[in-house]
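# Okay, sequence plus prediction incoming.
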Amino acid sequence: MENFIVSARKYRPASFQTVVGQSTLTNTLKNAIASNHLAHAYLFCGPRGVGKTTCARIFAKTINCMNPTPDHEACNECESCKAFNEQRSYNIHELDAASNNSVDDIRSLIEKVHVPPQIGHYSVYIIDEVHMLSQAAFNAFLKTLEEPPAHAIFILATTEKHKVLPTILSRCQIYDFNRMSIADTIAHLQNVAQKEGIEAEGAALSVIAQKADGGMRDALSIFDQVVSFCGKKITYQEVIKNLNVLDYDYYFKLVDSFLKEDIPNSLLLFNEILKKGFDAQNFITGLSSHFRDLLMCKDPQTVQLLEVGEEIKEKYKQQAALCNDQFLIKALRLANDCDLNYRLSKNKRLLVELTLIRLCQLSDEKKK
């Protein structure tokens, strides 16, 4: 039986060109390689799963390539590239500071620094989660980081830049990685689905992208989970069922009830949502987001701020046309107040139900 490789590993970028959502940063690194303006220390920071370690490895591989391509990518043909691809390169050293954060671990690394590379131009030291190093380890590392040998380059990666000592920060070129946009995540998931022979609805991938919250690794992990559940055809309904996400349709039905001043139906819909096991605060937070998205649809310039699939975007536009600005602004305020008061309330269900009743009365207030 063939071993399964998770998508996050199988589709890990192998060149700057294949890195998703970090074009400004990758272009800067390629320009530095092209002009031979390489710093001795870099700090890559940003949320988890956005490509910090991946970019560090690609950078290390490219600067050691014997025959780089015209667009400054690694050739994958020379001995240095082959050694890297086969995970036997002695030019690249990785240290996980989360589990190797003592002075002895850093001293062991410093001893290696003075050994020149056998193949290629540079010895690259990638230290992941560098903020986890102890104070003593940071101090032991400072002198080497300030005056390393000409062949040594350090790439430090962290999710928490504020925990890194200012003396370390001042010795590094700092690169801030962006969170992945919904559009970039969906496009990458579509590409992976196509390569795997999986049919996926756009709305389903949109839910996965939103659940991942800006992390591509998380998105691919969720994608694998959904594929295990759905098989070769991923549908919106199956995804929300598997990920326990509240269906958009509930919010559209609720707003229709508010516009019709239908209090009984609003309360029954809320009861149905609770029976399905959804948390009332998550529901009210989602309702606030729904009102916000409807307000964005009122102006053609702000429609682009909606991070949903095209089919659902059309539904938003249709419902937004039925709501006036005053209704949406008052509704947003009511939903937000409910969210703020939720934790302090002793009768949380009643608080949400009162909010729904008041939302149903907004259209009636307009008539008066």
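Structure received. Numbering: from 1, shown residues only.
# show me where the stretch 51-200 of the chain has strands.
Ranges of strands in the stretch 51-200 of the chain, per DSSP state E, counting those that start in this stretch, are 92-96, 123-128, 152-158, 173-176, 199-200.
# Now the weakest link among these, please, by mean pLDDT.
Lowest mean pLDDT of these: strand 92-96, a mean of 83.
# List the neighbouring strands of it plus their orientation.
Paired neighbours of strand 92-96 in the sheet (DSSP bridges): strand 123-128 (parallel).
# Flag every buried residue along the partner strand.
123-128 (16 or more other CB atoms under 10 Å). In short, each C-beta sits where N, CA and C put it, glycine included.
# C-alpha coordinates for it, PDB please?
Output of strand 123-128 as PDB, limited to C-alpha atoms (Å, rounded to 0.1, in the frame of the first residue of the first chain):
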ATOM      1  CA  SER A 123      26.500  27.500   4.700                       C
ATOM      2  CA  VAL A 124      23.000  28.500   5.700                       C
ATOM      3  CA  TYR A 125      21.700  28.100   9.200                       C
ATOM      4  CA  ILE A 126      17.900  28.100   9.600                       C
ATOM      5  CA  ILE A 127      16.700  28.600  13.200                       C
ATOM      6  CA  ASP A 128      12.900  28.000  13.500                       C
END
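# what kind of secondary structure is residue 264 in?
Of the three states, residue 264 takes helix under DSSP: H, G, I helix; E, B strand; the rest coil.
# Burial check on it, number of neighbours?
9 (other CB atoms under 10 Å).
# Quick check: which ranges of the stretch 1-150 of the chain have low pLDDT?
Within the stretch 1-150 of the chain, the ranges that satisfy pLDDT under 70 run 1-4.
# do that again at 90, thanks
1-41, 45-150 (pLDDT under 90).
# Could you do the stretch 251-368 of the chain as well?
For the stretch 251-368 of the chain (pLDDT under 90), the answer is 275-282, 286, 293, 295-326, 341-346, 348, 361-368.
# Go again with 70.
Ranges of the stretch 251-368 of the chain meeting pLDDT under 70: 364-368.
# need the helices for it, in chain order.
For the stretch 251-368 of the chain, the helices defined by DSSP state H, counting those that start in this stretch cover 263-275, 280-296, 310-322, 325-342, 348-360, 362-367.
# likewise the stretch 101-250 of the chain?
103-113, 135-146, 166-169, 182-195, 202-212, 216-230, 236-243, 248-259.
# just checking, what packs against the first one?
Looking back up the chat, that one is helix 103-113. strand 92-96, strand 123-128, helix 135-146 (3 or more CB pairs under 8 Å, 6 or more residues apart in numbering; DSSP states H and E).
# Cheers, nothing more for now.
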